[in-house]
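In: Please work out how this folds:
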Amino acid sequence: MQKMWGRSAVGSALQWHCRGRGFESLRLHQMRGPGPRVFIYIIFFVFLVLLVSTTPAVEFLSTTEHNVASKLVELLDSTEEYVLIVSYSLDHQEVIDKLNDLFLSGVHVVAMIDASSSGRTVLCRPLFEVRADSSDGLMHAKLVIIDGRICVFGTGNITQSGLHRDSNTFLVFENCDHVSVLEDYALAILEGRSLEMQKLPNGILIMTPSEKGRQLFLNTILKAKEEICFLSYAFTDTELLALLKYKSAMGVSVRGIVDHWNNDFSAIARYLNTGIVVTFPPDNMRIHDKTIIIDGKTVITGSANHSFNAWQKNREVVAIIESADLAEKYLAHFAYLWEVADYGLESWSCPD
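Out: Residues are numbered from 1 along each chain as shown. Reported below is the predicted structural model:
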């Protein structure tokens, strides 16, 4: 019999982890003798638990150094109850085969894609439920939720190109508040709803369309003091370009790698390399990233291209994360791509 699914049905699977709720009913009794010392120990223990709960367990993946498809299949292998997938397109056969296996074993699987890419998904013969979004704007977010405890979030679609051929990055969050917020976003997209941006201890998650989110995005860049590095598939945002040129004029180092797509389709391509330093990848490489790293400590990444439509029309998910450790990983990815572009390497591939 098919499992019922939903917040009420999955029960404990949707009870949020890492929020320290188990301490809400903690009661301290009067003690004699060492009472104050015990009280201090308890407070210290609660502080440590809350500190751990606000520090997300996150793994960085990039197609230039990891086999992302194999990692995703490995994560899916751990599924017990349900999988939610939100991806502009879904045509990676190995992933779809794994999802079919899960569905046949009783796991609830549901996916949302953009209607414009539905033909490619149908050819892969999914057995699970696939919904196609045909509303105004693109359904462009990229999320995989596993049992409410794991979320894979990034710049690439669940496709052969997104997980292998293109340059993309992904974050794997596990058992933290980020997962619960990103699951709320996935459910909202599946149900055709919108949600406000959510503040977390080390950053903010944004679901578009969102004018407030866009202003926060621009203001975060405006605060840059030393360095801005950006990776961009589609760069058509004139306001963002003007802001980057302004920061460069104020003495901030601004460097970017943009895809060749812009030479054919971006009206501002001719202005990208004036006032800031921009390079392109080799002809056989596609930069599908949508990431900005600021001052070695702030990362802005997600599904949104650097365009007006991403913020005003599309369904996207963007993260602004304050983390020097994470920024270091993104900068290493940027440095690799910069070297590839600088030396004009003729070939590259993701690891096997």
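In: excluding its backbone neighbours, what's nearest L182?
Out: Nearest non-adjacent residue to L182, counting by Cβ to Cβ, 6 or more residues apart in numbering: C151, 4.5 Å away. Where C-beta positions appear, they are placed from N, C-alpha and C, glycine not excepted.
In: can you give me how far the host helix or strand of the one you found is from the chain middle?
Out: Using DSSP states H and E, C151 sits within strand 150-154. Strand 150-154 sits 6 Å away from the centroid of its parent chain (Cα atoms, centre = their mean, to the nearest Å).
In: Parallel or antiparallel, which strands does that strand pair with?
Out: Strand 150-154 has its sheet partners listed here by DSSP bridges as strand 142-146 (antiparallel), strand 169-174 (antiparallel).
In: In TSV, list the ones you listed along with mean neighbour count.
Out: Formatted as TSV, the strands paired with strand 150-154 follow (neighbours: other Cβ atoms under 10 Å):
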stretch	mean neighbour count
strand 142-146	24
strand 169-174	22
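In: Throw those strands into CSV and include distance to Q215 and mean pLDDT, thanks.
Out: CSV is the format used below for the strands paired with strand 150-154 (distance: least, Cβ to Cβ, whole Å; pLDDT from 0 to 100):
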stretch, distance to Q215, mean pLDDT
strand 142-146, 23, 98
strand 169-174, 24, 98
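In: Out of those strands, which is closest to V318?
Out: With Cβ to Cβ as the criterion, V318 lies closest to strand 142-146 of the strands paired with strand 150-154, at 11.0 Å.
In: which residues touch the closest one?
Out: For strand 142-146, contacts defined as Cβ atoms under 8 Å, 6 or more residues apart in numbering pick out 72, 75-76, 78-79, 82-88, 150-158, 162, 179, 182-183, 185-186, 189, 302-303, 317.
In: any chance you could read off phi and psi for D136?
Out: Per-residue torsions, D136: phi -60, psi 140 (degrees, to the nearest 10).
In: what's the closest non-adjacent residue to it?
Out: Per Cβ to Cβ, 6+ apart, closest to D136 is K313, 6.3 Å.
In: and the one you found, what is it in contact with?
Out: Taking Cβ under 8 Å, 6+ apart, one finds D136, G137, L138, P209 in contact with K313.
In: now with 10 Å?
Out: S135, D136, G137, L138, H140, T208, P209, S307 (Cβ atoms under 10 Å, 6 or more residues apart in numbering).
In: and the helix or strand encompassing L337, what does it pack onto?
Out: Here L337 sits within helix 324-343, counting by DSSP H and E. Applying 3 or more Cβ pairs under 10 Å, 6 or more residues apart in numbering; DSSP states H and E, we find helix 324-343 packed against strand 57-62, strand 169-174, strand 227-232, strand 253-258, strand 277-279, strand 290-294, strand 298-302, strand 317-322.
In: can we see that at 8 Å?
Out: Other helices and strands packing on helix 324-343, by 3 or more Cβ pairs under 8 Å, 6 or more residues apart in numbering; DSSP states H and E, are strand 57-62, strand 169-174, strand 227-232, strand 253-258, strand 277-279, strand 290-294, strand 298-302.
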